[in-house]
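Visitor: No letters, just coordinates:
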């Protein structure tokens with residue numbers, strides 16, 4: 001069965017650099033554990049690690065968060081359980097979390113995508129994202145061992161596979177460096193210079209993923225002109 005790969009080109013805004021490389025959404029690409037609606041975190045860890053992406057965390061998300069981007073690394077997020085909306089491409093413009101989630105306090109030019117268990121999002125450095133409207137509702141928590149900047153255990157696959165998932169949970173992995181958290185502004189040139197990964201986190205070197213969808217560093221430099 002062919003995997004549906006959705007691509008979204010997000011232009012820079014006044015507050016967010018975004019990227020010449022498209023946001024990628026792989027719909028229902030991860031299989032579920034037998035007799036559940038959840039994906040196996042250990043199997044996803046295997047896939048990402050095999051393709052050279054460093055797994056840093058599994059978070060259970062609360063009902064909303066502040067929009068942000070990463071300037072140091074490309075990110076892949078795998079939805080392990082639950083459903084949510086994810087707004088891409090724009091900054092929040094108010095400190096009021098209700099206004100920047102359900103009101104009108106965000107920039108124009110956004111794309112809102114529905115996320116469900118089995119989905120994968122490959123996010124270029126510089127592209128803003130905000131997870132909200134999560135179901136089932138739950139408190140925010142780091143579920144994986146460590147501080148959220150790496151899986152700190154001798155046997156990551158075994159430990160992650162044994163985690164009890166509830167609410168809306170995602171696994172995050174990175175290429176290019178450690179993740180930072182930039183809400184608005186910053187050096188717009190920095191995220192554009194993060195090198196193109198050698199392998200797609202799901203498809204490896206197949207032409208289904210970023211291997212053919214993302215441009216290299218030299219082409220990004222030309223896109224600045």
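Guide: That came through, no problem. These numbers come from a predicted model, not from an experiment. Residues are numbered from 1 along each chain as shown.
Visitor: residues making contact with the top helix by length along the chain?
Guide: As assigned by DSSP state H, the longest helix anywhere in the chain is helix 41-50. Contact partners of helix 41-50, identified using Cβ atoms under 8 Å, 6 or more residues apart in numbering, comprise 30-31, 54-55, 58, 76, 78, 80, 144, 151, 156-158, 160-161, 163, 165, 171, 173, 201-202, 204. Any C-beta I mention is one placed from the backbone N, CA and C, and that applies to glycine too.
Visitor: what's the spacing between that helix and its chain's center?
Guide: On the basis of Cα atoms, centre = their mean, to the nearest Å, helix 41-50 sits 15 Å off its chain's mean C-alpha point.
Visitor: re the thing from before, just the buried residues out of the contacts of helix 41-50, in PyMOL syntax.
Guide: Buried residues among these (16 or more other Cβ atoms under 10 Å), as a PyMOL selection:
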select buried, resi 30+54+55+58+76+78+80+144+151+156+157+160+161+163+165+171+173+201+202
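Visitor: that older thread, buried residues in the longest helix of the chain?
Guide: Result for helix 41-50 [16+ other Cβ under 10 Å]: buried residues 41-49.
Visitor: How about stretch 105-112?
Guide: Neighbour-count burial for stretch 105-112, counted by 16+ other Cβ under 10 Å, picks out 105-107, 110-111.
Visitor: want to throw these into JSON lines with secondary structure and pLDDT?
Guide: Formatted as JSON lines, these follow (DSSP: H, G, I helix; E, B strand; the rest coil; pLDDT from 0 to 100):
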{"residue": "105", "secondary structure": "coil", "pLDDT": "98"}
{"residue": "106", "secondary structure": "strand", "pLDDT": "97"}
{"residue": "107", "secondary structure": "coil", "pLDDT": "98"}
{"residue": "110", "secondary structure": "coil", "pLDDT": "97"}
{"residue": "111", "secondary structure": "strand", "pLDDT": "98"}
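Visitor: And the next helix or strand past the longest helix of the chain?
Guide: strand 54-61 (DSSP states H and E).
Visitor: what sits against residue 74?
Guide: So residue 74 contacts 122-125, 174-176, 194, 197 (Cβ under 8 Å, 6+ apart).
Visitor: From residue 142, how far off is it?
Guide: To residue 142, residue 74 is 21 Å away according to Cβ to Cβ, to the nearest Å.
Visitor: in this structure, which residue is closest to the centre?
Guide: Centroid-nearest residue in the chain, with Cα atoms, centre = their mean: residue 77, separated by 3.5 Å.
Visitor: how about the helices in the chain?
Guide: Counting by DSSP H, the helices of the chain are 41-50, 156-161, 189-192, 210-213, 217-224.
Visitor: now the end-to-end length of stretch 166-181.
Guide: In stretch 166-181, first residue to last residue: 25 Å (Cα to Cα, to the nearest Å).
Visitor: correction: stretch 155-164
Guide: End-to-end distance of stretch 155-164 (Cα to Cα): 17 Å.
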